[in-house]
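[1] the sequence isn't on hand, but the structure is:
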């Protein structure tokens, strides 16, 4: 885990800085521009949810087939232009589909979300730039380069979005100009990633169609057909909540939902880092049929992410009322309390189950997940349609939790039946038990009524108790080793 750990630490550091910027934005900017923030999140969610379909699976093809194409002397046999070609074809087909059904869908939005109807077209260029940038970032991870792509794709957006919304809030810019600024930023990110690949010597633009033999082409087309729709179904199950809220209620409600869901992204930071650094290793171990290293990676990622996920989720949830009490318009935003609970739990579920999704996607068994993913995506949409009118924005979050939990249960079963590998050990139960003990003890601290003081005391005490128990009973050897390494550097 040496290279993976180093890359994960650097990536996490970038994300932590981004988290700080995001926290400032949530505290001081987004509550003052809820409608504009909700609109931006709905438009951005089109690309996030549509990534597998609009890229024709290029985001997973970039990892799954890279070991077959890898050869720097030949420019990796034209793998990069193949990926970009898939993105272009996928987006063109989607554009044609959207053009055919544009009027019926936009008319349906006129009553419930007229603002979204006015700006919906901007979601398509934003989606194209996001999709192309995401594929380039994933391609970079094959060379263990995840930090700079993260700076460009994720961190820069955390900077530009609050700047634009401050301008809207202060009437320096109209909402329309702010959305144009968002599109300009997306285009610059794509160009920046292209330049970065060129700077590290991996921008190889000469196609080599002869390398794609009929057998390889058939295998890739099968993977694209199943992987793209399977990945789309997964993202519908996990990421369509903001769009559903914006479509079935006011855009402003999507803003409240997005702020509450943002708090849950704190929990995801280690997930993005470890997944980005581990994906290429999973593909390699599967290609080499190295079950020993695959099992070791599977279990270590699972327990490491579960421990960090429980630490962050428990630390926020025990002080969730204080968190909302610190926000401007806290009374209005407190409606997102249960959104955080359900979304946060879904993140913990994803983290605890580890790399099972990657193991299914990058193996020859990816087809088996398609049917279950389809059912789960449909269930998420139907649950949202049913629960949002009953529970409001909390209904969308609950639908996401149920969908994500169901999908991961199916993925664990697939990995067990096909590889005889299981992510959980006795340490998993210890981690959950220690989190519950720490939560119960921290909950005994009386509430003073001073939000910042309560947040520091209750969350700090939870983190202290949980951290001590995890390290004392050696729940994760990797985390114990990391603490020893950091302690050694501090002691110098």
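    Yes, it's here. Bear in mind that the values here come from a model prediction, so they are computed numbers and not experimental data.
[2] which helix or strand contains residue 191?
    helix 175-199 (DSSP states H and E).
[3] count of residues packed around the closest residue to residue 325 other than its chain neighbours?
    Nearest in space to residue 325, with sequence neighbours left out and distances taken as Cβ to Cβ, 6 or more residues apart in numbering, is residue 451 at 4.0 Å. C-beta: built from backbone N, CA, C; applies to glycine. Residue 451: 18 surrounding residues under other Cβ atoms under 10 Å.
[4] show me the contacts for residue 451.
    Residue 451 is in contact with 321, 322, 323, 325, 326, counting by Cβ atoms under 8 Å, 6 or more residues apart in numbering.
[5] from those, which would you call buried?
    The neighbour count (16 or more other Cβ atoms under 10 Å) marks 322, 323, 325 as buried among the contacts of residue 451.
[6] in the stretch 201-350 of the chain, which spans are helices?
    In the stretch 201-350 of the chain, the helices defined using DSSP state H, counting those that start in this stretch lie at 214-239, 241-248, 251-288, 291-317, 320-326, 330-333, 337-352.
[7] average pLDDT for the longest one?
    When you say that, I think you mean helix 251-288. Regarding helix 251-288, the rounded mean pLDDT is 72.
[8] likewise for the fifth one?
    Averaged across helix 320-326, pLDDT comes to 84.
[9] stretch 382-394 now?
    For stretch 382-394, mean pLDDT rounds to 81.
[10] do the same with stretch 93-108
    Average pLDDT, stretch 93-108: 75.
[11] just the helices in the stretch 1-150 of the chain please.
    Going by DSSP H, counting those that start in this stretch, the stretch 1-150 of the chain shows helices at 2-28, 34-54, 58-64, 66-69, 79-112, 114-119, 123-141, 147-150.
[12] the fifth one packs against which elements?
    What it means is helix 79-112. On a contact count with 3 or more Cβ pairs under 8 Å, 6 or more residues apart in numbering; DSSP states H and E, helix 79-112 meets helix 34-54, helix 58-64, helix 114-119, helix 123-141, helix 241-248.
[13] determine which of those helices shows the lowest mean per-residue pLDDT.
    Taking the mean pLDDT of those, helix 241-248 comes last: a mean of 58.
[14] quick one: residue 448 and residue 454 touch, right?
    Yes. Between residue 448 and residue 454 there is a contact at 5.7 Å, judged by Cβ atoms under 8 Å.
[15] picking that back up, run the angle between the helix holding residue 191 and helix 34-54 for me.
    Orientation check (axes from the mean of the first three to the mean of the last three Cα atoms, to 10 degrees): helix 175-199 against helix 34-54 gives 40 degrees.
[16] okay, angle between helix 175-199 and helix 123-141 too, please.
    20 degrees.
[17] quick one on the thing from earlier: I'd like to know which of the contacts of residue 451 is nearest to residue 392.
    residue 321 (18.5 Å; Cβ to Cβ).
[18] wait, residue 167 sits on residue 180?
    No. Counting by Cβ under 8 Å, residue 167 stays clear of residue 180, with 11.7 Å between them.
[19] neighbour count winner among those two?
    Using other Cβ under 10 Å, the more surrounded residue of residue 167 and residue 180 is residue 167, with 18 against 14.
[20] how close does the more buried one get to residue 37?
    For residue 167, the distance to residue 37 equals 13 Å [Cβ to Cβ, to the nearest Å].
[21] residue 408 now?
    Between residue 408 and residue 37 the computed distance is 30 Å (Cβ to Cβ).
[22] more neighbours: which of those two?
    Higher neighbour count among residue 408 and residue 37: residue 37, with 29 against 22, using other Cβ under 10 Å.
[23] contacts only, for the more buried one.
    Going by Cβ under 8 Å, 6+ apart, residue 37 touches 30, 161, 165, 255, 258, 259.
[24] between residue 448 and residue 454, who's got more neighbours?
    Higher neighbour count among residue 448 and residue 454: residue 454, with 21 against 12, using other Cβ under 10 Å.
[25] for the more buried one, which non-adjacent residue is closest in space?
    residue 322 is the one closest to residue 454 (Cβ to Cβ, 6+ apart), at 4.5 Å.
[26] residue 301: how many residues sit nearby?
    Neighbours of residue 301 using other Cβ under 10 Å come to 29.
[27] assess the claim that it and residue 356 are in contact.
    No. If you go by Cβ under 8 Å, residue 301 and residue 356 don't touch, sitting 10.0 Å apart.
[28] just to revisit the earlier point, gap between the residue nearest to residue 325 and residue 462?
    16 Å.
[29] same check on residue 487?
    Counting by Cβ to Cβ, the gap from residue 487 to residue 462 is 22 Å.
[30] mind listing what the closest residue in space to residue 123 that isn't next to it in sequence touches?
    Residue nearest to residue 123 in three dimensions, not counting chain neighbours: residue 46, with 3.9 Å by Cβ to Cβ, 6+ apart. Counting by Cβ under 8 Å, 6+ apart, residue 46 makes contact with 123, 124, 126, 127, 243.
[31] and residue 463, by the same measure?
    Neighbouring residues of residue 463 by Cβ under 8 Å, 6+ apart: 311, 315, 438.
[32] so which of these is the most crowded?
    For the contacts of residue 463, counting by other Cβ under 10 Å, the largest number of neighbours falls to residue 438: 25 neighbours.
[33] and the pLDDT for that residue?
    The score at residue 438 is 95. That number is its pLDDT.
[34] and it, what does it touch?
    By Cβ under 8 Å, 6+ apart, the contact list for residue 438 reads 314, 462, 463, 465, 466, 469.
[35] and if we set it to 10 Å?
    310-311, 314-315, 318, 461-470 (Cβ atoms under 10 Å, 6 or more residues apart in numbering).
[36] ditto for residue 295
    Contacts of residue 295 (Cβ under 10 Å, 6+ apart): 285, 419, 420, 421, 422, 423.
[37] swap in 8 Å and give it another go.
    By Cβ under 8 Å, 6+ apart, the contact set of residue 295 is residue 421.
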